[in-house]
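> My questions concern the predicted model and sequence given below.
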Amino acid sequence: MNTDFGGHGVGRIMHGDPHIPNDGRAHRGLPLRAGLVFAIEPWFMLGTDKIYTDDDGWTLRSRDGSRGAHAEHTVAVTDDGPIVLSARAGRAG
C-alpha cells in the first residue's frame, strides 16, 4: 500500500498538519477533539499500489494503467460531533 498520501489538517495553509494516513488501526490514531478541521482523502486503485506523477507535477497514475479513484471530504469536529463541511446540501454528516 502506498502510504505517501493521506488526509491533512485544514487551516491557514494547504495540506497542513497533522498528516492523517489512509491506513491504520482503530483507536491508535490522532485523538479527535473539538476545533480540529481536517480533510480525509481516500483513494483506491484496482491493480497495483505503485504510482507515478505526470509531467504536470500533479496528476497521479497507477504504474500498471489500472483505474483509480480519489475523493476528499473536509470535516470539522465540534462539541456536538463531526460536521462534513464538503457534503452536498441535505447530506451533511
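Happy to help now that I have it.

> the bottom helix or strand of this protein by mean pLDDT?
The helix or strand of the chain with the poorest confidence is strand 43-45; it has a mean of 83 (mean pLDDT, DSSP states H and E).

> tell me what the helix or strand that that one is followed by is packed against?
Following strand 43-45 in sequence order, the next helix or strand is strand 51-53 (DSSP states H and E). Packing partners of strand 51-53 (3 or more C-beta pairs under 8 Å, 6 or more residues apart in numbering; DSSP states H and E): strand 60-62. Where you see a C-beta, it was placed from the backbone N, CA and C, and this is true even at glycine.

> The strand it packs on: which residues count as buried?
residue 62 (16 or more other C-beta atoms under 10 Å).

> Just give the nearest non-adjacent residue to residue 69, would you?
Using C-beta to C-beta, 6 or more residues apart in numbering and skipping the chain neighbours, the partner closest in space to residue 69 is residue 44 (5.2 Å).

> contacting residues around the least confident helix or strand of the chain?
With C-beta atoms under 8 Å, 6 or more residues apart in numbering as the test, strand 43-45 has contacts from 5, 22, 51, 62, 66, 67, 68, 69, 70, 71.

> Please identify which helix or strand holds the residue nearest to residue 36 when sequence neighbours are not counted.
Nearest residue to residue 36, sequence neighbours excluded (C-beta to C-beta, 6+ apart): residue 77, at 4.5 Å. Per DSSP H and E, residue 77 falls inside strand 73-78.

> quick one: that strand to chain centroid distance?
What separates the centre of strand 73-78 from the centre of its chain is 12 Å, taken as C-alpha atoms, centre = their mean, to the nearest Å.

> got it, and stretch 18-32?
The mean C-alpha position of stretch 18-32 is separated from the chain mean by 11 Å, C-alpha atoms, centre = their mean.

> Endpoints of that stretch, how far apart?
End-to-end distance for stretch 18-32: 11 Å, by C-alpha to C-alpha, to the nearest Å.
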